[in-house]
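> coords please:
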Amino acid sequence: MSAAQPQSPRKRGPGAPVPPQDALPIRLQVDDSDSPTDVVDALFLGRFATGEQPHSHGHQVERVRKGLDLLPPGATVLRTARDDDRRSVLAEGEGYTVLISHWSQSAEVTVTATSAELAERIVRESTQNAADEPEPQPEDVTMGFWYVSPRRGPHRTTRQISAGTWEEVRPNYTASVAEAMDSLMKITPDDISGRLLLLHGPPGTGKTSALRTLARSWQDWCQVDCVLDPERLFNDVGYLMDIAIGEDDGVGPERWRLLLLEDCDELIRGEARHTAGQALSRLLNLTDGLLGQGRNVLVGVTTNEDLEKLHPAVVRPGRCLTRIEVGALSREEAVGWLGTEEGVGREGSTLAELFALRRGTTPAQIPGQPRPTASGLYL
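This next block holds a predicted model:
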């Protein structure tokens, strides 16, 4: 159905230019695929499209303090709508219209107004002191998270992630892995010779934990971003370009960026060129091809695959800054970590299994039985 009829063209003298709002009349068509929030979005654009309020300004608040509605003082609410993942409020005041969209803990305030100064002032009044930024604790590190939002496209958000120091985490790994990690944790930009970090090994051995600690060790010179949908990244050129260009966290000039791609088995295994199409080629192009030229970008990949199953182009000399196989602790190392032999398998235990044993949530492993797949934080 038609929710808004086009404006009638205004009378004008011969040869007068046609205003854009008359050259492109606005008509809103609504069907059963639209939601109330879609209608609110469209209604918000009306006064901007007709030229009644030709100026717009917006601002996003990453973490909104609890209890704030972000409404400007004296604004009148016209519409409210709520979906599973979004809440929208349309309001107006003297000379302006405001749309407030809430997603989880974040929100976006957009204003159209009769003047640019008024639009900026209303946004400033709505969002001033609205951000809830807890003081980072010594054990926390700021990490970015990229994902494609159905409404906003490629999007980056940041969170404070708990991460221990390498000295605290080091006992969680075998002697050979700890020695390799020693060198990795101390790397500086001057030491970088390859752009790919590869951590491979069974689930539950602590690959994710090591990456969190790496983010803390490198935080003075490297911004760490985790890609939540890596399977989409290398099949969506627009998404890949947004990430390659990057979004700076503003901490310092010319910082490196480390993109973390977890559990990318299908992307980098031996038959990847046949099963993943152009995805593998684009990954390699980001690490040492034209796409990565002139950009201080590193790519960290974790996989559960054995090294022998990985594509030779991924592990060729010169491409990897580091390549570490993270395995289970030996029986002697596991007993030393846990302080008891109870529950430790004959061939040792993974880090996830040891934490489960410490919590008392996993029965003793039966000798000779396959080790169960571990879950939790230590992947």
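> quick one: whatever helix or strand Leu240 lives in to chain centroid distance?
Using DSSP states H and E, Leu240 maps to helix 237-245. Chain-centre distance of helix 237-245: 13 Å, with C-alpha atoms, centre = their mean, to the nearest Å.
> Kindly report the same for stretch 199-218.
Stretch 199-218 sits 17 Å away from the centroid of its parent chain (C-alpha atoms, centre = their mean).
> Report the secondary structure state of the residue nearest the centre of the chain.
Geometric centre of the chain, nearest residue: Phe145, 1.7 Å, by C-alpha atoms, centre = their mean. Per DSSP: H, G, I helix; E, B strand; the rest coil, the secondary structure class of Phe145 is strand.
> Quick check: beta-bridge partners of it?
Per DSSP bridges, the residues bridged to Phe145 are Thr157, Cys226.
> next one: the one 4 residues further on
Assessed by DSSP bridges, Ser149 has beta-bridge partners Gly153.
> Please determine how far it is located from Asp229.
10 Å (C-beta to C-beta, to the nearest Å). Every C-beta, even on glycine, is put in place using the N, C-alpha and C of the backbone.
> can I see the domain layout of the protein?
2-8+15-127, 140-325 (automatic domain parsing).
> Figure out the length between the terminal residues of the last one.
Terminal residues of domain 140-325 are spaced 26 Å apart (C-alpha to C-alpha, to the nearest Å).
> Distance from that domain to the middle of the chain?
Centre to centre, stretch against its chain (C-alpha atoms, centre = their mean), the figure for domain 140-325 is 13 Å.
> Same check on stretch 53-64?
From the chain centre to the centre of stretch 53-64 is a distance of 21 Å (C-alpha atoms, centre = their mean).
> What does the closest residue to Val326 other than its chain neighbours show for phi and psi?
Leaving aside its sequence neighbours, Val326 sits nearest to Gly201 (C-beta to C-beta, 6 or more residues apart in numbering; 3.9 Å). Backbone torsions for Gly201, taken as degrees, to the nearest 10, come to phi 150, psi 170.
> what's around Gly201, how many residues?
Residues lying near Gly201 (other C-beta atoms under 10 Å) number 21.
> residues touching it, list them.
Listed by C-beta atoms under 8 Å, 6 or more residues apart in numbering, the contact set of Gly201 reads Lys207, Asn304, Glu325, Val326, Gly327.
> Verify the stated contact: the last one with Ala178.
No: in this structure Gly327 lies outside contact range of Ala178 using C-beta atoms under 8 Å: 11.8 Å.
> secondary structure element for Leu260?
With DSSP H and E as the test, Leu260 turns up in strand 256-261.
> What strands line up against that strand, and which way round?
Sheet pairing for strand 256-261, assigned by DSSP bridges, gives strand 222-227 (parallel), strand 297-303 (parallel).
> Buried residues, the helix holding Leu240. List them.
Residues of helix 237-245 classed as buried: Tyr239, Leu240, Asp242, Ile243, Ala244 (neighbour count, 16 or more other C-beta atoms under 10 Å).
> okay, and for this protein, where does confidence drop off?
Residue ranges of the chain with pLDDT under 70: 1-26, 28, 133-138, 246-254, 265-278, 288-294, 306-318, 361-379.
> Could you rerun that using 50?
1-10, 270, 272-276, 363-378 (pLDDT under 50).
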